[in-house]
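Chemist: Quick check, what structure comes out for this input:
(one chain, ligands or ions: 1)
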Amino acid sequence: LVASMEEVEQTYIMIKPDGVQRGLVGEIISKFERKGFKLTGLKLFQCPKELAEEHYKDLQSKPFFPKLIDYITSGPVVCMGWEGVGVVASARKLIGATNPLNAEPGTIRGDLAVQTGRNVVHGSDSPDNGKHEIALWFKEDELCAWAAVQEPWLM
Ligand code: RTP
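Modeler: I've put the predicted structure just below:
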């Protein structure tokens, strides 16, 4: 079955500094790859303070905002674009609840984290935010539109 262009969504997934420091990058990427989504962008990146503030601007008035900005800029993050039908909601399910203690076993946060302030990974919360966040974190030439080739890769 071929998905129509309207059904295909983009989401911005980011492995936060704790995920990089703890060596969880491969395991997290594998979850999205094995689920069947398509990687469209990938980079290891030291996020400047201004970008972290822009990304989290909706949380500006929260008491934890300064700590959140310190956390996100404390070391490199892994920025990813993922594409697929239903990828936004599906990625949020794979990631699990914001507070890792409420996240189901089997989810990334449920299996790998304990603190809300160290919850390993970010995922866009709507298709519109997915497009917006990918444009915020990537330059256009860092993204690849590619089609799966029907080749017998292993034989
Ligand atoms: P994310 O944007 O990282 O995917 O997280 P989310 O939608 O599940 O959660 P959101 O409410 O948008 O919060 C963004 C991030 O802020 C940190 N946070 N700390 N009480 C706290 O200390 C607190 N609350 C939120 C978390 O890193 C959360 O993922």
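Chemist: what residues does this structure put near the ligand?
Modeler: Residues of the chain lying close to the ligand (CB under 6 Å from any ligand atom) are 59, 64, 68, 98, 116-117, 119, 122-123, 125. For every residue, glycine as well, the C-beta is placed using N, CA and C.
Chemist: ChimeraX command for the buried members of those residues?
Modeler: The following ChimeraX line selects those of the residues of the chain next to the ligand that are buried, judged by 16 or more other CB atoms under 10 Å:
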select :68,119,122,123
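Chemist: mind giving me TSV with the residues of the chain next to the ligand and columns for pLDDT, secondary structure and distance to residue 42?
Modeler: Listed next are the residues of the chain next to the ligand as TSV, based on pLDDT from 0 to 100; DSSP: H, G, I helix; E, B strand; the rest coil; distance: CB to CB, whole Å:
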residue	pLDDT	secondary structure	distance to residue 42
59	98	helix	25
64	98	coil	28
68	98	helix	23
98	98	coil	24
116	98	helix	26
117	98	helix	25
119	98	coil	21
122	98	strand	15
123	98	strand	15
125	98	coil	21
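Chemist: Include distance to residue 154 when you put the residues of the chain next to the ligand into a markdown table, please.
Modeler: Output for the residues of the chain next to the ligand, formatted as a markdown table (distance: CB to CB, whole Å):
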| residue | distance to residue 154 |
| --- | --- |
| 59 | 45 |
| 64 | 47 |
| 68 | 44 |
| 98 | 39 |
| 116 | 42 |
| 117 | 43 |
| 119 | 36 |
| 122 | 34 |
| 123 | 31 |
| 125 | 37 |
